[in-house]
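> Could you work out the structure for the sequence below:
(4 chains)
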2 protein chains.
Amino acid sequence: MTNIQDVAKAAGVSTASVTRYLAGQTIRRADAVKQAIDELGYRPSHVARSLKTGRHDSIGVIVPDISNPFFAALVKGVEREMRPHGMQVILGNSDEDAGREEALVRELSQRTDGIIMAPLTENDEIPLALMKTGIALVFVDRDISSGPDVDRVLVDNASGVRQAVDHLVGLGHTRIAAISGPLDSTPGRMRHEALLSSFEHHGIAADDSLLRIGDFREASGRAAIQEIWAAPQRPTAVFVANNLMTTGALTALMEMGVRVPSDLSVVGFDDLPLAALLDPPLTVIARPDVDQGAAAARLLVERLGEPGQPSPAPHPTQSLVLPVELVVRGSTIAAPALPEGSPA
Amino acid sequence: MTNIQDVAKAAGVSTASVTRYLAGQTIRRADAVKQAIDELGYRPSHVARSLKTGRHDSIGVIVPDISNPFFAALVKGVEREMRPHGMQVILGNSDEDAGREEALVRELSQRTDGIIMAPLTENDEIPLALMKTGIALVFVDRDISSGPDVDRVLVDNASGVRQAVDHLVGLGHTRIAAISGPLDSTPGRMRHEALLSSFEHHGIAADDSLLRIGDFREASGRAAIQEIWAAPQRPTAVFVANNLMTTGALTALMEMGVRVPSDLSVVGFDDLPLAALLDPPLTVIARPDVDQGAAAARLLVERLGEPGQPSPAPHPTQSLVLPVELVVRGSTIAAPALPEGSPA
DNA sequence: GTGAAAGCGCTAACAG
DNA sequence: CTGTTAGCGCTTTCAC
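Predicted structure coming up:
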């Protein structure tokens, strides 16, 4: 490849002048340099530049599962927000694997100026190590329990769950099952806790045979609903804590011949791209996805500044909590008449 | 950050020995080096190493739309295949934007040893420039018309379309509408051409009022089906050339009160994660997604070799064509009795 | 405004 | 097996 020396030679200037030209400074022989660059097809080496400056003009995004539409949308939000700032976005998919997450963090922390990530669990040690390297960090969707000095963007999980439970109770449901996410992840824990406290608020007894903990993946939604449906007293409604488990649960219900919503009302956390086209259209708690990514990107830009510019002064970390919204469609209807006494 | 010199000093060896240790060669004071590395928390600078060696031990994947489940699955396949080879996978999302694709190619070609990409259009000039840089390249799902010297993995689009048309004709449909993809993209063109030739094979006249060209995005599927439904003679079946446009078309049909399949049979290209849960379950041409990504990754590995090892000898480029399969579900049924004369 | 020169952190001859 | 050293391509003092 042609390098800066070739250009300097061809233009009859020093390499320093080429650098200055590249940086947008005014130099005397600008047009000669421009011509040399064009003719030689010169492209500055990003690697060499990074080695010298320590900057990369790029950021990384690490998500647990890129084939989850929520994270795909989130990534899109990050990219849209970053594009005008001239920063490249590099994407890493940990595939819900801690080892892979660690490899990605190590890798991307050497190639980028900042990382947006959804840590796998709240005990995740990996981000802690990352913070020590001094790289800018933003958590999105998930948090870790220790080390509060990080920018973060979360959604109001508790409010979403409350809206869902209120909705079901309002329809007369009292036997409500739930498929929660892993309790060591932020959304899993927060949604589960909110569920229990909502139950308590409405005077609903938590029935262990109706409560299952999944892993946010489709297969666990399938397994959980099968167990729940085998409970001695079946529920009239079920809350599922994320999109993939909802998909799994719906599939299993269909296979078992359980009709939604006449046999069982279903409300899921996370909207699905096709939720309105499902049979029946799915009632869900919708949360911002693209916007959540964009918000995280903005926090990172505030900390990093524009490429080429000096970094802004450090400022306190920010925590954003975005609102969620219950979208009532066809998968939730009034509870059937009760066989035994219960609150109206 | 602590560098190789610090380690060398602490271990009482030269930097060369540290390098050798890192490369897995046997050196005398291995344990002293190991200890120094651990104590200092030393991480080799990827940037410096790349500058020196010209290798990156990573590959790039550039897709037009990461929120399309097909590409998300494809990326997953690439990652699964690459992981055991110790190569990092860096993902770029061009968002169907040529400018962005170019920026990604420029960027990733400087950070990676090889690129797997689905070019936006068959006239895409960008990959040509990329090939000149000598970086390894694999096309997946899409191709470009010039420059045949590239490894590629495609699916048998023509066969898929033929299966779909045969299926519809077998059900008695003769007024078949179609929403094709952009004719300057490989899958768009191949599927459209196969459609026309299948029509001809079955003696079906191509009716311009039933043929629309979309852009593979959801909104164009919506718009196209609305136009088609406004045609003087409505179709009894429609073929939609990809998943996103199918989603758009189904949504529009629902909004217009058109019932599938009784009013209109629908067959789509690409399976959808929720296709079986839709109302009705969708008949589709399913093509490999994860496997297509994995196949592309294997081609790239064959060309690149393992990290640390010398590159394998160059070999002729390969073209893989993976089979597709018609999955009949509930969205296609027999055509209604014909008002006018027609083949049985 | 400009050029000479040092050096970012690492690897790969090379000589021992 | 080991250490010395040059140099990957760039930016950034520094002196002019």
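> residues from the stretch 1-150 of chain A in reach of chain B?
Counting by CB under 8 Å from any CB of the partner chain, the stretch 1-150 of chain A comes close to chain B at A:1, A:43, A:45-48, A:50-51, A:58, A:66-67, A:69, A:72-73, A:75-76, A:79-80, A:83, A:88-93, A:95, A:100, A:103-104, A:106-107, A:110-111, A:133. Backbone N, C-alpha and C define where each C-beta goes, glycine included.
> So which of those residues belong to helices?
Those of those mapping onto helices are A:46-48, A:50-51, A:69, A:72-73, A:75-76, A:79-80, A:100, A:103-104, A:106-107, per DSSP state H.
> List the backbone torsions phi and psi for residue A:213.
Backbone torsions of residue A:213, given as degrees, to the nearest 10, read phi -110, psi 120.
> and the stretch 1-150 of chain A, which residues reach DNA strand C?
Neighbours of DNA strand C within the stretch 1-150 of chain A, by CB under 7 Å from any atom of the strand: A:12-17, A:20, A:26-29, A:48, A:51-52.
> same thing but 10 Å
Proximity of the stretch 1-150 of chain A to DNA strand C, by CB under 10 Å from any atom of the strand, involves residues A:4, A:8, A:11-21, A:25-30, A:32-33, A:47-54, A:110.
> domains for chain A, by residue range?
Following the assignment in automatic domain parsing, chain A carries domains at A:4-53, A:58-155+A:288-322, A:157-286.
> Could you look up the SS state of the residue nearest to residue A:14 when sequence neighbours are not counted?
Nearest residue to residue A:14 in three dimensions, chain neighbours excluded: residue A:8, at 5.7 Å (CB to CB, 6 or more residues apart in numbering or on different chains). For residue A:8, the assignment made with DSSP: H, G, I helix; E, B strand; the rest coil gives helix.
> same thing with residue A:166?
helix.
> so who does the residue lying closest to it once chain neighbours are set aside touch?
Among residues not flanking residue A:166 along the chain, residue A:198 sits closest, at 7.3 Å (CB to CB, 6+ apart). Contacts here follow CB atoms under 8 Å, 6 or more residues apart in numbering or on different chains; on that basis residue A:198 touches A:161-162, A:165-166.
> how deep is the one residue in the stretch 51-200 of chain A that gets nearest to DNA strand C tucked in, by neighbour count?
In the stretch 51-200 of chain A, the residue that lies nearest DNA strand C is residue A:52 (3.7 Å; CB to the nearest atom of the strand). Using other CB atoms under 10 Å in any protein chain shown, residue A:52 has 12 neighbouring residues.
> Now which of the ones in helices among the residues of the stretch 1-150 of chain A next to chain B would you call buried?
Using 16 or more other CB atoms under 10 Å in any protein chain shown as the burial test, these include A:46-48, A:50-51, A:69, A:72-73, A:75-76, A:79, A:100, A:103-104, A:106-107 as buried.
> Restricting to the residues you listed, which residues neighbour DNA strand D?
A:46-48, A:50-51.
> Doesn't residue A:154 lie inside a strand?
Yes: assessed with three-state DSSP, residue A:154 lies in a strand.
> need the contact list for the closest residue to it other than its chain neighbours.
Leaving aside its chain neighbours, residue A:154 sits nearest to residue A:321 (5.4 Å; criterion: CB to CB, 6+ apart). Listed by CB under 8 Å, 6+ apart, the contact partners of residue A:321 are A:154-156.
> From residue A:74, how far out is residue A:321?
Distance from residue A:321 to residue A:74, counting by CB to CB, to the nearest Å: 16 Å.
> Please export the C-alpha coordinates of the lowest-mean-pLDDT helix or strand in chain A as CSV.
Least confident helix or strand, chain A: helix A:126-132 with a mean of 78, by mean pLDDT, DSSP states H and E. C-alpha atoms of helix A:126-132 as CSV (Å, rounded to 0.1, in the frame of the first residue of the first chain):
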residue,chain,number,x,y,z
ILE,A,126,-16.1,-8.2,32.9
PRO,A,127,-17.3,-4.6,32.7
LEU,A,128,-15.4,-3.8,35.9
ALA,A,129,-12.1,-4.8,34.4
LEU,A,130,-13.1,-2.7,31.4
MET,A,131,-13.7,0.4,33.4
LYS,A,132,-10.2,0.2,34.8
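> buried residues in stretch A:297-304?
Neighbour-count burial for stretch A:297-304 flags A:297-301, A:303-304 (criterion: 16+ other CB under 10 Å).
> Quick one, which of the residues of the stretch 1-150 of chain A next to DNA strand C are buried?
Applying 16+ other CB under 10 Å to these flags A:4, A:8, A:11, A:13, A:17-21, A:27, A:32-33, A:47-51, A:110 as buried.
> and stretch A:223-234, how far from the chain's centre?
Taking CA atoms, centre = their mean, to the nearest Å, one finds the center of stretch A:223-234 at 30 Å from the center of the full chain.
> That one near chain B at all?
No: using CB under 8 Å from any CB, stretch A:223-234 never reaches chain B; the gap is at least 13.4 Å.
> Could you work out the end-to-end span of that stretch for me?
By CA to CA, to the nearest Å, the extent of stretch A:223-234 from end to end equals 16 Å.
> can you check stretch A:118-138 too?
OK, stretch A:118-138 end separation, CA to CA: 9 Å.
> Quick one: check it for contact with DNA strand D.
No: using CB under 10 Å from any atom of the strand, stretch A:118-138 stays clear of DNA strand D, with a minimum separation of 17.4 Å.
> In chain A, which residue sits nearest DNA strand D?
For chain A, CB to the nearest atom of the strand, closest residue to DNA strand D: residue A:4, 2.9 Å.
> my guess is that residue meets residue A:18, correct?
Yes: the pair residue A:4 and residue A:18 passes the contact test of CB atoms under 8 Å, sitting 5.2 Å apart.
> hmm, back to that, show me what counts as buried in the least confident helix or strand of chain A.
A:126-127, A:130.
> For chain A, which residues are neighbours of DNA strand D?
So chain A meets DNA strand D at A:1-8, A:14-23, A:25, A:42-55, A:308 (CB under 10 Å from any atom of the strand).
> any weak-confidence spans in chain A?
Across chain A, the stretches falling below the confidence threshold (pLDDT under 70) are A:147-148, A:338-344.
> Who are the contact partners of the residue nearest to residue A:188 when sequence neighbours are not counted?
Sequence neighbours aside, residue A:181 is the residue nearest to residue A:188 in space, at 3.1 Å (criterion: CB to CB, 6+ apart). The contact partners of residue A:181, by CB under 8 Å, 6+ apart, come to A:187-188, A:191-192, A:213-216, A:241-242, A:245.
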